[in-house]
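S.K.: Return a 3D structure for these sequence lines:
(one chain, ligands or ions: 1)
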Amino acid sequence: MKEFISILSLCLVLTGCQNSTIQTYDSTINITQTTEASTENVSTYKINVEETMLPAIPDYTGTAFVVVNNNVPFFSDNDLSNTVFETYSELDELGRCGVAYANICQDLMPDTERESIGQVKPSGWHTINYHELIDGNYLYNRCHLIGYQLAGENANEKNLITGTRYLNVEGMLPFENQIADYVKSTNHHVLYRVTPIFKDRELVCRGVLMEAQSIEDDSCVFCVYCYNVQPGIGIDYATGNSWIEKDIIEASANNESQNITYILNTNSKKIHKLSCSSIADISPKNKKETNLSKDELILQGYQPCKICNP
Ligand SMILES: [Zn+2]
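M.R.: The predicted structure is shown next:
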């Protein structure tokens, strides 16, 4: 197990080098019939991830996700094809979701409005409103493992977990959007796997591992862990019970105003240090202050400025 953890070797900095470790594959294989992936592989993978992933993940420190394995997903070479599939694990004896795995392409994407999913009660579910603290009011969302916009699954209980608003919106959504935008604009395929990571027999997962690899090129690749947390709220993951953490709220409120990390040029998509000389030249309509990390900005398509080298 130690070896596996060292392979994971969490890396908090996005490197651009993942391309060198991505295998080449034959793009002439073009089977578009929907098939089921091997469930045996799915369950083996699940055990490996759950035993090895959580100990290697650092505690949440204010960023919605961390990059895992130098941003290289753990797919096997055999899976890197155009074969379209979507699979969802059976709920376990505690009623918990497992790995959701799909090859996303335009064929899977929905062309109808999302239907109601309110009848599904994922493991650890509570309807709880912190209207003064949470944008969207409710602590928990029914979070799709494979987002609705990608595979069009509605009230599929094998695809819905108890996830915080923060996990849903700050953690998972930007990555789902990245896949959706890529597939819509290219008509390519993206191998995509989302694994909720539970600790022991807890009913609410600690986070989700999200892995993506585009098949026809290397334009859409990530391997990240998103935290199932809500800043300012404490969560008992065994039951889903929650409470307001007063200290955290005050600390984050104090930080928010002072915690500007970078200046962005939203037009040229450059990240600048606050001290950069070229900030003066940015037109006001393209200039934006941010408190996001460099990792988060790079994943949003920004590049570090070559002058100030943030
Ligand atoms: Zn600069």
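S.K.: Contact residues of this protein facing the ion?
M.R.: 272, 276, 278, 305, 307-308 (CB under 5 Å from the ion). (Glycine included, C-beta is placed from N, CA and C.)
S.K.: Residue 276 and residue 307 touch, don't they?
M.R.: Yes: Residue 276 is within contact range of residue 307, at 6.1 Å (criterion: CB atoms under 8 Å).
S.K.: one step back: in TSV: the residues of the chain next to the ion, plus secondary structure.
M.R.: Formatted as TSV, the residues of the chain next to the ion follow (DSSP: H, G, I helix; E, B strand; the rest coil):
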residue	secondary structure
272	strand
276	coil
278	helix
305	coil
307	coil
308	coil
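S.K.: Buried subset of these, written for PyMOL?
M.R.: Burial among those is assessed by 16 or more other CB atoms under 10 Å; the matching PyMOL selection reads:
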select buried, resi 272+276+305+308
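S.K.: Quick check: residue 226 is in a helix.
M.R.: No: with three-state DSSP as the criterion, residue 226 is located in strand rather than a helix.
S.K.: That one and residue 206, how far apart?
M.R.: Residue 226 sits 10 Å away from residue 206, going by CB to CB, to the nearest Å.
S.K.: Repeat that for residue 120.
M.R.: Taking CB to CB, one finds residue 120 at 21 Å from residue 206.
S.K.: Which of the residues of the chain next to the ion sits closest to residue 60?
M.R.: residue 272 (27.1 Å; CB to CB).
S.K.: I'd assumed residue 309 was in contact with that closest one.
M.R.: No: applying CB under 8 Å as the test, residue 272 and residue 309 come out as separate, 9.8 Å apart.
S.K.: sorry, back to before: higher neighbour count, residue 120 and residue 206?
M.R.: residue 206 (19 against 16; other CB atoms under 10 Å).
S.K.: Count the neighbours of residue 167 for me.
M.R.: Residue 167: 25 neighbours (other CB under 10 Å).
S.K.: Check residue 99 too.
M.R.: By other CB under 10 Å, 23 other residues sit near residue 99.
S.K.: ok, it touching residue 198?
M.R.: No: contact status for residue 99 versus residue 198: not in contact, 11.8 Å apart, counting by CB under 8 Å.
S.K.: how close does the residue nearest the centre of the chain get to the ion?
M.R.: Most central in the chain under CA atoms, centre = their mean is residue 172, positioned 3.7 Å from the mean C-alpha point. Per CB to the ion, to the nearest Å, residue 172 is found 31 Å from the ion.
S.K.: Tell me the backbone dihedrals of that residue, please.
M.R.: Phi and psi for residue 172, reported as degrees, to the nearest 10, are phi -80, psi -40.
S.K.: Report pLDDT for the closest residue in space to it that isn't next to it in sequence.
M.R.: Leaving aside its sequence neighbours, residue 172 sits nearest to residue 226 (CB to CB, 6 or more residues apart in numbering; 5.6 Å). Per-residue confidence (pLDDT) for residue 226: 97.
S.K.: ok now do residue 226, which residues does it touch?
M.R.: Residue 226 sits next to 64-65, 167, 171-172, 175, 207-208, 210 when contact means CB atoms under 8 Å, 6 or more residues apart in numbering.
S.K.: Test my guess that residue 238 contacts residue 202.
M.R.: Yes: between residue 238 and residue 202 there is a contact at 4.8 Å, judged by CB under 8 Å.
S.K.: And the two? Which one has more around it.
M.R.: residue 202 (18 against 13).
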